[in-house]
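S.K.: Here is a sequence with its predicted model. Questions after.
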Amino acid sequence: MNHTALAPAGPFAERIVELFWLFGIVAAVVYLIVIGFLVYGLRGRREAEASAPVSPKTLRAIGAAVGLTGIVLVGLTISDFLGNRALAKVPADALHVRVTGHQWWWEIEYQDSIVARRVTTANQLALPLGRPVMLELGSGDVIHSFWVPSLQGKKDLLPGYTTTLALLASRAGDYTGECAEFCGYQHAHMSLDVAAVPPDEFARWLEAQRADAAEPATEAQRRGREIFLTSSCRACHAVQGTIAAARLGPDLTHVGSRPRIAAGALPNNLANMAAWIANPQAFKPGARMPATQLASDDLAALASWLGSLR
Ligand code: CUA
């Protein structure tokens, strides 16, 4: 998982890292020059000179330094302004994705003019390489902040208001996003798995996500589905192709294909799935998901069915 703003994977992040180095290097050079003059001035001065009038030569040097400072500041301001404009440009031919922040997970909806072709997932964002993606950011509760350091700067998600952010990945890979605004108890467990993949692979992924949940292949999975649909799970979660259609928690239609569960709190495997369902508060205190009391074989069956939803 790539997680650094200094290793950009697309043109927007490259713009930011260029500004970072420009500002950093200019500030370091200015600092060294100022300290150099300070040391020089302190060393060479004697008592008598301290009270002598300032020479015209020194005045000219001070004037030049002030002028140079102005030029550097204006230059940095212009480069900052140009960088901001490049980041805010609305790309043509963008894929539109709605991202909603919740305490404490990400709801991701791939838009389509045909409603039935829309895809809803959670904590998982796939991006086609080379094609811009326009995110429409909103919040279901408090202010969150969307940040995938390898791809873009941060953008806040505000309740009742839509902000936008363009992403463009030019290097294939898995990247991690985080919530970058303190949003309550589990702010630190609000992670997002981003995969930048070639366009044909992305098209296959999106098509697979559009499909209804896989039919159970084993007796245990069948039992697991029955438990899901007859217990409290259904009150919060949707699984497309079943009667479960609630939108309070993450859509679980293809939960088995996600690399991690609970917004990055745990790797996705059957043991973690079962442990999470039995007692979410042990892993993510304050999470909105309540514990589910189930016999151990029922719990294993439920985890097995969810794991099969690829
Ligand atoms: Cu959401 Cu911090």
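M.R.: Cool, got the structure.
S.K.: Dig out what the residue nearest the centre of the chain forms beta bridges with.
M.R.: Centroid-nearest residue in the chain, with C-alpha atoms, centre = their mean: Gly177, separated by 2.9 Å. Judged by DSSP bridges, the bridge partners of Gly177 are Leu192.
S.K.: My guess is it contacts Ser191. True?
M.R.: Yes - using C-beta atoms under 8 Å, Gly177 is in contact with Ser191, at 6.9 Å. For the C-beta atoms, the positions are set from N, CA and C on the backbone; glycine is no exception.
S.K.: after the least confident helix or strand in the chain by mean pLDDT comes which helix or strand?
M.R.: Across the helices and strands of the chain, mean confidence by mean pLDDT, DSSP states H and E is lowest for helix 47-51: a mean of 63. Moving toward the C-terminus from helix 47-51, the next helix or strand (DSSP states H and E) is helix 56-88.
S.K.: what helices or strands is that next one leaning on?
M.R.: helix 11-44 (3 or more C-beta pairs under 8 Å, 6 or more residues apart in numbering; DSSP states H and E).
S.K.: quick one: average pLDDT of the helix it packs on?
M.R.: For helix 11-44, the mean pLDDT works out to 91.
S.K.: thinking again about what came up before, contact partners for the residue nearest to the centre of the chain?
M.R.: Trp106, Leu125, Phe146, Trp147, Val148, Ser191, Leu192, Asp193, Val194 (C-beta atoms under 8 Å, 6 or more residues apart in numbering).
S.K.: So which of those residues wins on neighbours?
M.R.: Tallying neighbours with other C-beta atoms under 10 Å puts Val148 at the head of the contacts of Gly177, with 29 neighbours.
S.K.: Name the nearest residue to that residue, ignoring sequence neighbours.
M.R.: Gly177 (3.9 Å; C-beta to C-beta, 6 or more residues apart in numbering).
S.K.: Could you list the contact residues of the stretch 201-310 of the chain toward the ligand?
M.R.: For the stretch 201-310 of the chain, the contact set with the ligand under C-beta under 6 Å from any ligand atom is empty.
S.K.: should've said the stretch 1-150 of the chain
M.R.: So far as C-beta under 6 Å from any ligand atom goes, the stretch 1-150 of the chain lies against the ligand at Gly101, Trp104, His144.
S.K.: Off-centre distance for the helix or strand hosting the first one?
M.R.: Applying DSSP H and E as the criterion places Gly101 in strand 95-102. Distance, stretch centre to chain centre, for strand 95-102: 11 Å (C-alpha atoms, centre = their mean, to the nearest Å).
S.K.: What about the residue lying closest to Arg118 once chain neighbours are set aside, how many residues nearby?
M.R.: Nearest non-adjacent residue to Arg118, counting by C-beta to C-beta, 6+ apart: Asp112, 5.0 Å away. Asp112: 14 surrounding residues under other C-beta under 10 Å.
S.K.: where does Asp112 land in three-state SS?
M.R.: coil (DSSP: H, G, I helix; E, B strand; the rest coil).
S.K.: Mind pulling the model confidence for it?
M.R.: Per the predicted model, pLDDT is 91 at Asp112.
S.K.: Got phi/psi on Gly184?
M.R.: Note on Gly184: backbone dihedrals following degrees, to the nearest 10 are phi 120, psi -170.
S.K.: Quick one: residues contacting the nearest residue to Trp305 once chain neighbours are set aside.
M.R.: Spatially, and ignoring its direct neighbours in sequence, Trp305 is nearest to Gly224 (2.8 Å; C-beta to C-beta, 6+ apart). By C-beta under 8 Å, 6+ apart, the contact set of Gly224 is Pro216, Ala301, Leu302, Ala303, Ser304, Trp305, Leu306.
S.K.: who wins for neighbours among these?
M.R.: Most neighbours among the contacts of Gly224, by other C-beta under 10 Å: Trp305, with 28 neighbours.
S.K.: my read: it touches Ala217, true?
M.R.: No - taking contacts as C-beta under 8 Å, Trp305 lies outside contact range of Ala217: 9.7 Å.
S.K.: give me the number of residues near whatever residue of the stretch 1-150 of the chain ends up closest to the ligand?
M.R.: Closest residue of the stretch 1-150 of the chain to the ligand, C-beta to the nearest ligand atom: His144 (3.4 Å). By the measure other C-beta under 10 Å, the count of residues near His144 is 30.
S.K.: And His254, by the same measure?
M.R.: Around His254 there are 24 residues (other C-beta under 10 Å).
S.K.: What values do phi and psi take at it?
M.R.: Note on His254: backbone dihedrals following degrees, to the nearest 10 are phi -130, psi 40.
S.K.: tell me which element the closest residue to Ser191 other than its chain neighbours is part of?
M.R.: Leaving aside its sequence neighbours, Ser191 sits nearest to Gly264 (C-beta to C-beta, 6+ apart; 2.7 Å). For Gly264, there is no helix or strand it lies in under DSSP H and E.
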